[in-house]
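J.: fold the following, please.
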Amino acid sequence: MLPLTIMMTTTLPYRDYNPDTDLQPLLQIFREIGWLPEGNKNSEKAQALYLEAGRSLVADVNGTPECLVSNHDASLRYQNTDLPLCIIGGVATSRVARKQKLASRLTAQAIALDVIERGHTVAALGMFEQGYYDRLGFGTGPYVHFCRFDPTLLDIDVEPRVPIRLTDEDFEQVHQGRLNRLLPHGACSIHHPEVTHADMLTRSNRFALGYADPDTGQLTHHLCGCTGNVHSGPYDIKWLAYRTREEFLELLALLKSLGDQVTSVTIPEPSGVQMQDLIKTPFRRRSISMKGESETGVRAIAFWQLRICDLPAVLGKTHVPTSDAVTFNLSLRDPITKYLDDETKQKWPGVGGEYRVTLGKESHAELVGPDSGLPTLKTSVNTFTRLWLGVQRATGLAFTCPDLDAPESLLTQLDHVLCLPQPCVDWMF
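T.: Numbers count the residues shown, from 1 in each chain. Predicted coordinates for the structure are as follows:
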């Protein structure tokens, strides 16, 4: 057997994904790491669609692709503004190329290229474990609540209309419906419709139901889910897409109508909604179902991370609804720099540096060095991103983030100024 040869140079050897030659080796990697069930043709098709829907980079070992990073064009809703977002949709390394820093370096390179060539100002990803992507400047987002309940106990008095059955052939309409949905603060939207196509294909016993405008035929609101047990559930609703309160309630009423057969459903809790308000006797039902297959309740997990990639651009679009403003020095550290090769660092070295920052109705950041008359906040881009997005208040972050150092008076001011809604990603990636 040939010896493993990986040349670790200051310039990372990478190239664009070639579907004609790289798909089969990459599918093998996906099977090795548990992303792809053996012999599942729909899942294989979905992976191929997903790779071609964005920018995919590979790194070769002995002439074979052994590491992949796949990015997608997206947007992030910040208050009422959409920011250009890079979604790291997949990072995969084969068994033969582990512990060579290929994944970290290739991910850093992919982010840098999206900033340089596509103007993305923020980047996001779903993490397999807390801490790994911290090395690239990512900060953890807020908890997402997944609510499981008996649909017959939904306390709503709405009669749903007969829905439309949607299949993967309707993916373009479904995708447009996702883009047109009510967007909360922190919501992510991936642009390419083939991503939704892939999402619909990968689900086992997948189904989608929705409603269309009777005049235009345009899909207005819908839900998409899957189940391991078609007969009685649990049903796992992957997303709800709606624009109004009335559309939201009709989708819940549609779920309630399935309750004659389905014992429980799980949905990601929508932004601004406390699902317990809409469920009859939630504690009694939880006690009855405890430790069973259809156990009800709420599970919370913070599975996604975000980082700022262009601080002046991001803050230039930040308009905090407050009559006050705060100006301070920001000494910002960006750990991604050490994973970038020398050539890339000349074009984008990360966002570390000494800034003068103002947060308020008109916000901005200038890379001008410290002002001795202003208080100073020292931190990483990881923590500052969480502060800016509203994941946690400044005084709360100071309890758990050892890299945050600032006078208590400045932290209190930031608490007052950055009084934001809880961000809701509203798209699983």
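J.: Ser264 and Arg299: what is the separation?
T.: 13 Å (CB to CB, to the nearest Å). Any C-beta I mention is one placed from the backbone N, CA and C, and that applies to glycine too.
J.: residues in contact with both of those two, list them for me.
T.: Shared contacts of Ser264 and Arg299, defined by CB atoms under 8 Å, 6 or more residues apart in numbering, comprise Arg148.
J.: so in this protein, which helix runs the longest?
T.: helix 102-118 (DSSP state H).
J.: would you map out the domains in the chain?
T.: According to automatic domain parsing, the chain comprises the domains 15-143, 145-301, 311-380+387-417.
J.: of all those domains, which one is nearest Asp426?
T.: Nearest of the domains of the chain to Asp426, taken as CB to CB: domain 145-301 at 4.3 Å.
J.: in this structure, what spans have low per-residue confidence?
T.: 1-12 (pLDDT under 70).
J.: how near is Lys378 to Ala325?
T.: For Lys378, the distance to Ala325 - CB to CB - is 21 Å.
J.: ok, which stretches of the stretch 301-429 of the chain are strands?
T.: 304-308, 326-333, 353-359, 364-366, 376-380 (DSSP state E, counting those that start in this stretch).
J.: redo the ones you listed as JSON lines? Include mean neighbour count.
T.: Output for the strands of the stretch 301-429 of the chain, formatted as JSON lines (neighbours: other CB atoms under 10 Å):
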{"stretch": "strand 304-308", "mean neighbour count": "25"}
{"stretch": "strand 326-333", "mean neighbour count": "20"}
{"stretch": "strand 353-359", "mean neighbour count": "19"}
{"stretch": "strand 364-366", "mean neighbour count": "18"}
{"stretch": "strand 376-380", "mean neighbour count": "20"}
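J.: those into a markdown table, with extra columns for distance to Asp157?
T.: Listed next are these as a markdown table, based on distance: least, CB to CB, whole Å:
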| stretch | distance to Asp157 |
| --- | --- |
| strand 304-308 | 35 |
| strand 326-333 | 47 |
| strand 353-359 | 44 |
| strand 364-366 | 49 |
| strand 376-380 | 49 |
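J.: contacts only, for Pro47.
T.: For residue 47 the amino acid is Gln, not Pro. 26-27, 30, 35-36, 198.
J.: that should have said Ala325, apologies.
T.: For Ala325, the contact set (CB under 8 Å, 6+ apart) comprises 358-363, 417.
J.: roughly how far apart are it and Pro312?
T.: In terms of CB to CB, Ala325 sits 17 Å off from Pro312.
J.: could you do Ala300 as well?
T.: 34 Å.
J.: settle it for me: which of these two has more neighbours?
T.: Pro312 (15 against 11; other CB atoms under 10 Å).
J.: spatially, what comes nearest to that one if we skip its sequence neighbours?
T.: Spatially, and ignoring its direct neighbours in sequence, Pro312 is nearest to Ala365 (4.8 Å; CB to CB, 6 or more residues apart in numbering).
J.: check contacts around that neighbour.
T.: Counting by CB under 8 Å, 6+ apart, Ala365 touches 311-312, 314-316, 330, 355-358.
J.: among those residues, which one sits closest to Gly396?
T.: Nearest to Gly396 out of those is Leu330 (CB to CB; 18.6 Å).
J.: hang on, that closest one packs against Gly352?
T.: No - the pair Leu330 / Gly352 is not scored as a contact, 10.4 Å apart, by CB atoms under 8 Å.
J.: re the thing from before, can you lay out the contacts of Ala365 as JSON lines showing distance to Phe171?
T.: Listed next are these as JSON lines, based on distance: CB to CB, whole Å:
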{"residue": "Leu311", "distance to Phe171": "36"}
{"residue": "Pro312", "distance to Phe171": "37"}
{"residue": "Val314", "distance to Phe171": "32"}
{"residue": "Leu315", "distance to Phe171": "36"}
{"residue": "Gly316", "distance to Phe171": "35"}
{"residue": "Leu330", "distance to Phe171": "43"}
{"residue": "Tyr355", "distance to Phe171": "43"}
{"residue": "Arg356", "distance to Phe171": "47"}
{"residue": "Val357", "distance to Phe171": "42"}
{"residue": "Thr358", "distance to Phe171": "44"}
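J.: which one of the residues you listed sits closest to Trp427?
T.: Val314 (19.5 Å).
J.: OK, contacts around the closest one?
T.: Here Val314 is in contact with 83, 121-122, 308, 365, 388 (CB under 8 Å, 6+ apart).
J.: mind listing what the nearest residue in space to Pro13 that is not next to it in sequence touches?
T.: Spatial nearest neighbour of Pro13, chain neighbours left out: Ala59 (6.4 Å); criterion: CB to CB, 6+ apart. By CB under 8 Å, 6+ apart, the contact set of Ala59 is 12-14, 65-67, 97, 102, 105-106.
J.: what's the answer for Thr107, then?
T.: Thr107 neighbours (CB under 8 Å, 6+ apart): 69, 88, 91, 133, 136, 339.
J.: buried sites along stretch 46-55?
T.: Of the residues in stretch 46-55, 46-51, 53-55 count as buried by neighbour count, 16 or more other CB atoms under 10 Å.
J.: please disregard the earlier target; I meant stretch 122-129.
T.: 122-127.
J.: narrow those residues to those in strands?
T.: Residues from these lying in strands, with DSSP state E as the criterion: 122-126.
J.: okay if I get the residues you listed as JSON lines plus distance to Gly396?
T.: Listed next are those as JSON lines, based on distance: CB to CB, whole Å:
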{"residue": "Val122", "distance to Gly396": "22"}
{"residue": "Ala123", "distance to Gly396": "24"}
{"residue": "Ala124", "distance to Gly396": "21"}
{"residue": "Leu125", "distance to Gly396": "23"}
{"residue": "Gly126", "distance to Gly396": "23"}
